[in-house]
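>>> coords please:
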Amino acid sequence: MDNIIRLDKVSKIYGSQIKTQVLFDLDLQIKARSFNGIIGASGSGKSTLLNIVGTLDKPTRGNVIINGTETSQMNKNQLARLRNETIGFIFQFHYLLPEFTAFENVLMPHFIKGQKVDKIMNKRAHELMDLVGLSKVKNNLAGNMSGGQQQRTAIARALINNPRIILADEPTGNLDSETTEVIYELLRDINKQFETTFIIITHDRRIAEKTDRIIEIKDGRIYNDFSRI
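Residues are numbered from 1 along each chain as shown. The predicted structure is shown next:
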C-alpha cells in the first residue's frame with residue numbers, strides 16, 4: 001500500500017513570548033486503505049497531530065504531504081478545497097445543525113462546495129443514510145435524534161464527498177458501550193467497503209486494540225507504534 005499521509009519532522013509550538021512545544025520532530029507515514037488508532041494521555045499532542053494531518057492547523061516546522069500534495073505552501077482556499085475533497089471529519093461532538101434534518105446535514109459538505117444537489121448526489125445521500133442505518137429517521141430534525149443516531153448522521157456526512165481519508169477524534173466518546181461497538185463496526189465496514197483510510201483518536205484501548213495499527217503519543221512524540229499488518 002502506498003502512503004496517503006506523510007509527516008516529515010513535524011513540530012508544533014504555540015505562543016510567541018511564552019512558547020509551549022506540543023509536537024517534537026515527528027515522522028509518520030499512514031498507508032492508504034489502512035485502519036489506524038492513535039492513543040495517548042490528555043495533553044500528549046494527539047489532537048494537535050490530528051488537526052495538522054487534517055490541515056486544520058499548520059506545523060511550526062516540518063512537512064505534511066496529503067494524498068501526494070505538499071501542503072506547506074497552500075493558501076487557505078486551497079487547503080479548504082483539499083479538506084472538502086479528500087478528508088472527512090468525525091468528532092466526539094457531532095456538530096450537526098439542529099434546525100436541519102439528518103438528510104440535509106449529510107449533504108452539508110456538498111452545499112459548502114457551492115454545488116447543487118443533482119439526482120446522483122441525492123441518491124448517494126440516501127444510500128449513505130441507508131448504510132448507517134438511518135433510513136427511517138432521515139427526515140427527522142437533527143436535534144430530535146438520539147446520540148447514536150446523531151453520530152451515525154455525522155459519519156454519513158463525512159462520507160458524502162467520497163473522501164479518501166477519514167479523521168475521527170473520539171467518535172464514540174459520548175456513547176454507551178453497546179452503541180460504541182456498533183459505531184466501531186460501522187467504521188470498519190466503511191473502511192473495507194470503500195477502502196477509506198481511517199485515523200481514529202480514542203481513549204478507549206479496547207477500540208484501539210481492534211485497529212490494524214496503534215500509534216501511541218507521549219509528550220509530543222511517538223512513544224510506541226504497533227502494526228498488525
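>>> so where do the strands sit in this protein?
3-14, 20-31, 35-39, 61-66, 69-70, 87-91, 165-169, 197-201, 213-218, 221-227 (DSSP state E).
>>> With mean pLDDT as new columns, can the ones you listed be given to me in TSV?
Listed next are the strands of the chain as TSV, based on pLDDT from 0 to 100:
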stretch	mean pLDDT
strand 3-14	96
strand 20-31	96
strand 35-39	94
strand 61-66	95
strand 69-70	92
strand 87-91	89
strand 165-169	93
strand 197-201	94
strand 213-218	94
strand 221-227	93
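>>> For the longest helix along the chain, what is the distance to the chain centroid?
Among the segments of the chain that qualify as a helix by DSSP state H, the longest is helix 177-194. Taking C-alpha atoms, centre = their mean, to the nearest Å, the mean C-alpha location of helix 177-194 is offset from the chain mean by 14 Å.
>>> mean confidence for that helix?
The pLDDT scores in helix 177-194 average 86.
>>> Mind putting the strands of the chain into CSV with distance to Asp130 and mean neighbour count?
Yep, even glycine has a C-beta here, placed from its N, CA and C like the rest. Below are these laid out as CSV (distance: least, C-beta to C-beta, whole Å; neighbours: other C-beta atoms under 10 Å):
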stretch, distance to Asp130, mean neighbour count
strand 3-14, 27, 17
strand 20-31, 29, 16
strand 35-39, 22, 23
strand 61-66, 30, 18
strand 69-70, 32, 12
strand 87-91, 18, 22
strand 165-169, 19, 23
strand 197-201, 21, 24
strand 213-218, 30, 20
strand 221-227, 33, 13
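>>> Tell me which residue is most central in the chain.
Leu167 (1.5 Å; C-alpha atoms, centre = their mean).
>>> and the gap between that residue and Gln17?
Applying C-beta to C-beta, to the nearest Å, the value for Leu167 to Gln17 is 31 Å.
>>> ditto for Lys119
The value you get for Lys119 to Gln17, if C-beta to C-beta is used, is 56 Å.
>>> out of those two, which sits in the more crowded spot?
Neighbour comparison, Lys119 and Gln17: the larger count goes to Lys119, with 7 against 4 (by other C-beta atoms under 10 Å).
>>> picking that back up, going by neighbour count, list what's buried in the longest helix of the chain.
Within helix 177-194, the residues that count as buried by 16 or more other C-beta atoms under 10 Å are 179-180, 183-184, 186-187, 190-191.
>>> Model confidence for Asn161, exactly?
pLDDT, read off for Asn161, is 86.
>>> Spatially nearest residue to it (excluding sequence neighbours)?
Spatially, and ignoring its direct neighbours in sequence, Asn161 is nearest to Pro109 (5.3 Å; C-beta to C-beta, 6 or more residues apart in numbering).
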